[in-house]
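Enquirer: next comes the sequence, and after it the predicted model I'd like to discuss.
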Amino acid sequence: MNLRVRPCQALRGAVTVPADKSISHRALLLGGIAEGVSTVRNWLPAADCQATLTAVRAMGVSVEQSSPTELHIHGVGLRGLKAPAIPIDCQRSGTTMRLLAGILAGQAFTITLDGDTGLRRRPMERVAIPLREMGAVVETRNGCPPLVVKGGNLHGIDYRLPVASAQVKSAILLAALYAEGPSTVRQPGPARDHTERMLIAQGAGIELREDTITLTPGSQPLKPCSLTVPADFSSAAFPLVAALLAPNSDVVLEGVGINPTRTGLIDVLGEMGAELRWLNQAEQAGEPTADLLIRSPATPHAPRTPWPGDGAAHDKGLRGTQVGGQTVVRMIDEFPALAVAATQAQGQTLVRDARELRLKETDRIGAVVAELRRLGASVAERDDGFSVDGPTRLRGARVHSHGDHRLGMALVVAGLIAEGETVVEGAEVIADSFPGFVGLMRTLGAELDEE
Ligand code: S3P
């Protein structure tokens, strides 16, 4: 499916983006191995999470769906999963494959995890190595899927993550539930901590110390989890950046998860001169949430939309910045959106220490640079990131998602501020994380239609 995008004048309104993808995966997996029924409201019915739903069902977990977003998961307990008759298809979802591998390392059966061609290119030794060290047999094909996991009698390990990956950390913590003795994971940076939060709520013995997590398996089963999933910050990032860039915009994104391990983009946009406000801070499912209020800064063509009670518009729009180190970990999924914002900032934006981006749904460094160049942006590739020189007036063109939902959405946002018409090819992939993206953007005033 191709999306035709026309430039927009202003984005306005209050909307709720879909539920958090990371939490939706975890609720299914952790609910599946709990004892008792977990009720999950505002679950994300996107393609990636559907892959996890199909996988847990294939292993004997009964999941009733009272609506597309409400699940009742009949947990079978830590050792109640059954070997499925055929390999599990994780489709394009790396989170499904890597987190499942952790649970499967503790099962008394052998299972194959496979996926589509995109997932088959992604590195799996990063989970295989620690799971082998714990006692499981894990085979990869040249380091990639398919993954064959033969669960074993596991023992605890003390493991330093070579990269700050929440998926690898989670796989080890899930396997640690089955191990003899405690397991410790040491992370080089603040990778998202949803697994730890959920496991603590389910009664698991977890101790957190700075960047070290220790799980001591107990004799008690995991308690079921009942939660309402907050809106996904990583999905909110696209209307957020769109509202910053489209002149005269005024947008509220409601009930967004603002877990500090996820909000690096807010800090970076703040350094770039954007003013974003958080209203109605609350807590939901053990996660902090807020309504995000975004108003576009001044542009050469339009004055800034004033905030309530403030005087004359005196800001100068966005300016370039440098991003590196631990901030990269806290915004690992937001670089396609940031790159678009950077095309409108004065001066250079430089992203470093982000080599991990090459291992996402696509090589996000190469693909972002190639596609933004088609729109006329001044972007340069670096081994560990990219640089953008701005501001540039983008020109509409035909661009491609590279099979990557976040690149697809970033290109739609770029199309909204480009001159003329932009066509985003391969836009069906947006449904991997953000069902209803087109409708939501239209509600805000964007002009988008399917070609
Ligand atoms: C995720 C972790 C991140 C992120 C992905 C979701 C998760 O991957 O990019 O979209 O739910 O744990 P890494 O752990 O590989 O950094």
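Expert: Happy to help now that I have it. All values reported here derive from a predicted model rather than from experimental measurement.
Enquirer: run through this protein and note the low-pLDDT ranges.
Expert: Counting by pLDDT under 70, the chain shows low-confidence ranges at 298-316.
Enquirer: could you chop it up by domain?
Expert: 3-18+231-297+318-450, 21-217 (automatic domain parsing).
Enquirer: which among those domains is found nearest to residue 224?
Expert: domain 21-217 (4.0 Å; CB to CB). Where C-beta positions appear, they are placed from N, C-alpha and C, glycine not excepted.
Enquirer: so which residues of the stretch 201-350 of the chain form strands?
Expert: 205-209, 212-216, 227-228, 250-257, 276-284, 287-295, 322-323, 347-351 (DSSP state E, counting those that start in this stretch).
Enquirer: right, and the helix or strand after the last one?
Expert: On the C-terminal side of strand 347-351, the nearest following helix or strand under DSSP states H and E is helix 364-374.
Enquirer: that following helix vs strand 347-351, what angle?
Expert: Orientation of helix 364-374 against strand 347-351 (axes from the mean of the first three to the mean of the last three CA atoms, to 10 degrees) gives an angle of 160 degrees.
Enquirer: tell me which strands and helices helix 364-374 is in contact with?
Expert: Counting contacts by 3 or more CB pairs under 8 Å, 6 or more residues apart in numbering; DSSP states H and E, helix 364-374 packs against helix 335-342, strand 378-382, strand 385-390, strand 398-400, helix 405-417.
Enquirer: helices or strands up against the third one?
Expert: Identification of packing neighbours for strand 385-390 by 3+ CB pairs under 8 Å, 6+ apart yields helix 335-342, strand 347-351, helix 364-374, strand 378-382.
Enquirer: what comes up buried for the second one?
Expert: Going back to what we said before, that points to strand 347-351. 348, 349, 350, 351 (16 or more other CB atoms under 10 Å).
Enquirer: ok, the third one next?
Expert: Of the residues in helix 364-374, 364, 365, 367, 368, 369, 370, 371, 372, 374 count as buried by neighbour count, 16+ other CB under 10 Å.
Enquirer: pick the one among those closest to the ligand.
Expert: residue 364 (9.6 Å; CB to the nearest ligand atom).
Enquirer: the closest residue to that closest one other than its chain neighbours: how many residues sit nearby?
Expert: Setting aside the residues directly before and after it, residue 364 is nearest to residue 357 in space (CB to CB, 6 or more residues apart in numbering), at 4.0 Å. Neighbours of residue 357 under the rule other CB atoms under 10 Å: 22.
Enquirer: residue 420: what's it in contact with?
Expert: By CB atoms under 8 Å, 6 or more residues apart in numbering, the contact set of residue 420 is 7, 395, 396.
Enquirer: strands of the stretch 51-200 of the chain, residue ranges please.
Expert: Using DSSP E, counting those that start in this stretch, strands in the stretch 51-200 of the chain cover 62-67, 70-76, 88-89, 110-114, 137-141, 144-150, 158-160, 183-186.
Enquirer: of those, which is nearest the ligand?
Expert: Once the strands of the stretch 51-200 of the chain are compared by CB to the nearest ligand atom, strand 183-186 is nearest, at 12.4 Å.
Enquirer: so which bits of that closest one are buried?
Expert: For strand 183-186, using 16+ other CB under 10 Å, the buried residues are 183, 184, 185.
Enquirer: enumerate the residues of the stretch 1-150 of the chain near the ligand.
Expert: 22, 95 (CB under 6 Å from any ligand atom).
Enquirer: would you list the phi and psi of the closest residue to residue 125 other than its chain neighbours?
Expert: Distances taken as CB to CB, 6+ apart put residue 143 closest to residue 125, at 4.5 Å, once the chain neighbours are dropped. Main-chain torsions, residue 143, degrees, to the nearest 10: phi 90, psi 0.
Enquirer: how many residues are close by residue 143?
Expert: 11.
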